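> Got a predicted model here, sequence first, then my questions.
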Amino acid sequence: MSTHVASDASDAASSGLAFDPDSTAQGLIDFVSASPTPFHAVANAAVMLDAAGFTAVDDQQPFPTAPGRYYVASAGALVAWVAPPGMPSTEPFGLPR
């Protein structure tokens, strides 16, 4: 797998990357300013996940087995995942090491 990091704005524009360091940094500053506690951070991240098409899952209910984009927000913790099409519903769930 090859990765490319744009070295300047013209390189980003020519490669089709839409990365603006100033607006990205400002977005992080805004998020941190609006999230003085883990509970605020989870609530704000959940809004962002909703806007990106993720579905909230109730951690007291069975988890979905269908492909999709999901997240669980509980107290000051949040876990998000993508279940790709074709993945068996019995496939173990794990984090890469």
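The structure has been received and is ready for your questions.

> Run through the protein and note the low-pLDDT ranges.
For the chain, the stretches with pLDDT under 70 are 1-17, 93-97.

> again, only using 80
For the chain, the stretches with pLDDT under 80 are 1-19, 87-97.

> And the helices in it, which stretches?
Secondary structure of the chain by DSSP state H: the helices cover 9-15, 21-33, 38-51.

> which of the ones you listed is buried the deepest?
Greatest average neighbour count among those goes to helix 38-51 (a mean of 14), per mean count of other C-beta atoms under 10 Å. (Each C-beta comes from the backbone N, C-alpha and C, glycine too.)

> Kindly provide the distance from the nearest residue to G53 once chain neighbours are set aside to V82.
Leaving out its chain neighbours, the residue that sits closest to G53 by C-beta to C-beta, 6 or more residues apart in numbering is R69, at 5.7 Å. Noted for R69: a distance of 5 Å to V82, by C-beta to C-beta, to the nearest Å.

> More neighbours: the two, which one.
Between R69 and V82, counting by other C-beta atoms under 10 Å, R69 is the more crowded of the two (14 against 10).
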